[in-house]
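In: Provided below are the primary sequence and the corresponding predicted coordinates.
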Amino acid sequence: MKWFKKKAVQPGAIALDRSPDKLPRHIAMIMDGNGRWAKQRALPRTAGHRAGMETLETIIRACDELGIEALTVYAFSTENWARPKEEVAMLMNLLVEYFEKKIDELDRNGVCIRILGFEEQTPSRVREVMERACVCTRDNKGLKFNIAFNYGGRGEIVQAAKRFALDVAKGNVQAEALDEDGFGRYLFTAGLPEPDLLIRTSGEQRLSNFLLYQLAYAEFVFTDVYWPDYTKEEFFRSIAIYQSRSRRFGGV
């Protein structure tokens, strides 16, 4: 059973052109503002992260409704290990809890889960539940849901360069043959279309080491709304902004 039944756009709703060629194929999300959302309400940061998980479910369903091909979310960066140990432990527990509760539902709805990031430092129980989610959903043909965990854009590029250099040393490829598409095959996102749209919540306007290579021609939309308050309507508004822009890719 699907999550929803398609309905006509209601009066007052944000009007989107739902033609496949007008929608972004791949949306990247920096889910920011959980801690500040909780602080405004005199709640522990844990409450903000839990509320953010509910928002994530809303956005996954909205992507499925629109027929978006891929959604990549920035869940945990390589720099986030520097946060207080208690918060890191809570985030790991929350991630395990999310997967254990949602794997079956995501699988039933055709979502294909993929993890982008480094295995180093990742606690074994987190790695195990993520691997299980990927294996359970790898043959699904619906939304490609990519979770950037223990991810850093600079580190990804360095690792890709090392992997390419190793292939050259082994004689598997000629250095002169490298081009942009070929280099992309060494990145975590190999096989995915490049993001068309980056959305960052909470009012911050920076990339924070996220998909540095892949976002070369993406449209950026920054919103002041904290992630737990980011609704389906706000998501549609972000896509409407994307649709209002002229993407020239360096041309006229």
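Out: Received the coordinates, thanks.

In: List the contacts of Gly67.
Out: Residues in contact with Gly67, defined by CB atoms under 8 Å, 6 or more residues apart in numbering, are Arg18, Pro20, Leu23. C-beta here means a position set from N, CA and C on the backbone, and glycine is covered the same way.

In: Would you mind listing which of those residues are buried?
Out: Neighbour-count burial (16 or more other CB atoms under 10 Å) applied to those gives Leu23.

In: Which member of the contacts of Gly67 is positioned nearest Lys141?
Out: Each of the contacts of Gly67 was checked against Lys141 using CB to CB; the closest is Pro20, at 15.3 Å.

In: How about the secondary structure of that closest one?
Out: coil (DSSP: H, G, I helix; E, B strand; the rest coil).

In: got a pLDDT number for it?
Out: Pro20 is assigned a pLDDT of 95 by the prediction.

In: What separation do you get for the residue nearest to it when sequence neighbours are not counted and Ile199?
Out: Excluding the flanking residues, the one nearest Pro20 by CB to CB, 6 or more residues apart in numbering is Gly67, at 6.6 Å. Separation of Gly67 from Ile199 (CB to CB, to the nearest Å): 18 Å.

In: what do you get for Gly33?
Out: Taking CB to CB, one finds Gly33 at 12 Å from Ile199.

In: what pLDDT does Lys101 get?
Out: We have a pLDDT of 95 for Lys101.

In: er, Ala15 I mean
Out: 85.

In: can you count the residues close to it?
Out: Using other CB atoms under 10 Å, Ala15 has 10 other residues around it.

In: tell me which residues in whichever helix or strand Met90 is part of are buried?
Out: Element membership for Met90, per DSSP states H and E: helix 85-108. For helix 85-108, a neighbour-count test (16+ other CB under 10 Å) marks Met90, Leu91, Leu95, Val96, Tyr98, Phe99, Lys102, Ile103, Leu106, Asp107 as buried.

In: follow-up on the earlier one: of Gly33 and Ile199, which one has the most company?
Out: Taking neighbours as other CB under 10 Å, Gly33 and Ile199 compare with Ile199 leading, 27 against 24.

In: quick one: that one and Phe235, what's the gap?
Out: Taking CB to CB as the measure, Ile199 falls 8 Å from Phe235.
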